[in-house]
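S.K.: coordinates for the following, if possible.
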Amino acid sequence: MAERYLNTDGPKTVVRKRIIKEKPHVQRVHVGYRGGIDMIVVLCLILLVTIGIVMVFSSSYYEAGKDGDMYSFAFRESVFALAGGVVASIFSFIPYSKFNNIRLCLIAYAVSIVLLILVLFIGKEVGGAKRWLFGFQPSEVAKVILIVTLACLASKRRELLTTFFGSFIYMAVLAVPAALTAIENLSTAIVMGVSGLAMYFIATENLLYPLPYTLAAILAVAVKIFSEGFRVGRIKAWLDPSSTDTGYQILQSLYSVASGGFFGLGLGASRQKLGFLPEAHNDIIFAVICEELGTFGALIVAMLFIILVWRGFVIALRHKYDTFAVMVATGFTTMIAAQAVMNMAVVTNTMPNTGIPLPFISYGGSSLMVMLAAMGMLLNISRYRKANNK
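M.R.: Modelled structure (predicted):
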């Protein structure tokens, strides 16, 4: 019809106008487009990091003041937050498809394995565990690299998600860094496993394939827990904190949570941080939040994590036809959710004590920067979507 009109003198212009108007519509239907980042995620991150800096200062100034500088921990955390913000901004502008490269992912994966092995031999021991190497924790970097590597392999090799042998390869790639991490940091290894399984489950309908490996992993974790005396001691302290010296930190944490009431004692007014609550600015910082800001403040923090996780899964579902994007978004979101739930559960004695930071809030430069880098990549995924996925 258009060709016939174009051969006449009358409606030629009208037909040309019609074609010009229809072109953008055709492009929007068939071609992916770039939109704005998810501002809800950005707002949640800004609020969580800000709360983290404030609470690190509030919970650390007493101990830091003994060394002459009450602002030292808060200053270092602020520097890492700014650096992490820059890293997150860079990752938010690099198209996520650039990371969907098997060679690049396997090289990064191999480097992370080497670092996890090195930390066992030459790592710095802190709190009775070797987790630090050259000023950072390799396990923090390894869990992000693992998520991207699993997503890349699954998107390039669909048999990893559709066959029983493929699921074995997937689980083997997941198991190696998780097992190395579990030697010194069982909680982070659990986060790796949960994130990897969530990615598999959301990307395939073959949910029975990984079941034998999952049960084997659970059995291995149980054996490790009950074969190590200090972990058995933590379980006893969890059941009855007052029955053992191991339960001292849990008791002090519970005192903090209980004394805060609904609106808290006020910012900076915590009593437990004055030498009673060990390492108050680290993994147990949520107890200080409960004491100073009360149940109300704790609920705000929890709600920010819930909103962040909700938006992460929304971003993943928008890319349901892009295996790499949906798996990366799911992996990072599950990682944040698992860490937040485990940390809050330890503080309230809902689960046995384990050393895992509260994302974006606990003191720790490597953890904060890695988390923000992961969120930068999640924000980049939120930029690119297909029109039929809206």
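
S.K.: now the phi/psi pair for residue 350, please.
M.R.: Reported as degrees, to the nearest 10, the phi and psi values for residue 350 are phi -80, psi -20.

S.K.: so which helix or strand takes in the nearest residue to it once chain neighbours are set aside?
M.R.: In space, and not counting its chain neighbours, residue 350 is closest to residue 344: 7.8 Å by C-beta to C-beta, 6 or more residues apart in numbering. Bear in mind the C-beta positions are built from the backbone N, C-alpha and C, glycine included. Here residue 344 sits within helix 323-347, counting by DSSP states H and E.

S.K.: and that helix, what other elements does it pack with?
M.R.: On a contact count with 3 or more C-beta pairs under 8 Å, 6 or more residues apart in numbering; DSSP states H and E, helix 323-347 meets helix 138-156, helix 186-203, helix 285-318, helix 365-383.

S.K.: would you mind measuring from the nearest residue to residue 269 once chain neighbours are set aside to residue 265?
M.R.: Spatial nearest neighbour of residue 269, excluding adjacent residues (C-beta to C-beta, 6+ apart): residue 292 at 5.9 Å. Counting by C-beta to C-beta, to the nearest Å, the gap from residue 292 to residue 265 is 6 Å.

S.K.: with residue 62 instead?
M.R.: From residue 62 to residue 265 the distance is 14 Å (C-beta to C-beta).

S.K.: ok, back up a step: dump the helices and strands packed on helix 323-347 into JSON lines; add mean pLDDT, distance to residue 226 and mean neighbour count as well.
M.R.: Putting the helices and strands packed on helix 323-347 into JSON lines (pLDDT from 0 to 100; distance: least, C-beta to C-beta, whole Å; neighbours: other C-beta atoms under 10 Å) gives the following:
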{"stretch": "helix 138-156", "mean pLDDT": "92", "distance to residue 226": "23", "mean neighbour count": "24"}
{"stretch": "helix 186-203", "mean pLDDT": "90", "distance to residue 226": "12", "mean neighbour count": "23"}
{"stretch": "helix 285-318", "mean pLDDT": "93", "distance to residue 226": "27", "mean neighbour count": "21"}
{"stretch": "helix 365-383", "mean pLDDT": "91", "distance to residue 226": "28", "mean neighbour count": "23"}
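
S.K.: same list (the ones you listed) but as TSV, adding distance to residue 256.
M.R.: Below are the helices and strands packed on helix 323-347 laid out as TSV (distance: least, C-beta to C-beta, whole Å):
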stretch	distance to residue 256
helix 138-156	26
helix 186-203	21
helix 285-318	4
helix 365-383	22
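
S.K.: closest to residue 231 out of the ones you listed?
M.R.: helix 186-203 (7.6 Å; C-beta to C-beta).

S.K.: so what secondary structure elements neighbour the closest one?
M.R.: helix 138-156, helix 164-182, helix 211-227, helix 323-347.

S.K.: can you tell which of the ones you listed is closest to residue 313?
M.R.: Of the helices and strands packed on helix 186-203, nearest to residue 313 by C-beta to C-beta is helix 323-347, at 5.7 Å.

S.K.: could you give the angle of the closest one to helix 365-383?
M.R.: Interaxial angle, helix 323-347 versus helix 365-383 (axes from the mean of the first three to the mean of the last three C-alpha atoms, to 10 degrees): 140 degrees.

S.K.: I'd like the average pLDDT over helix 323-347.
M.R.: Helix 323-347 carries an average pLDDT of 93.

S.K.: and the angle for it with helix 285-318?
M.R.: Here helix 323-347 runs at an angle of 160 degrees relative to helix 285-318 (the same axes, to 10 degrees).

S.K.: distance from the chain centre to helix 323-347, please.
M.R.: Centroid displacement of helix 323-347 relative to its chain, using C-alpha atoms, centre = their mean, to the nearest Å, is 5 Å.

S.K.: thinking again about what came up before, need the contact list for the residue nearest to residue 269.
M.R.: Listed by C-beta atoms under 8 Å, 6 or more residues apart in numbering, the contact set of residue 292 reads 55, 58, 260, 264-270.
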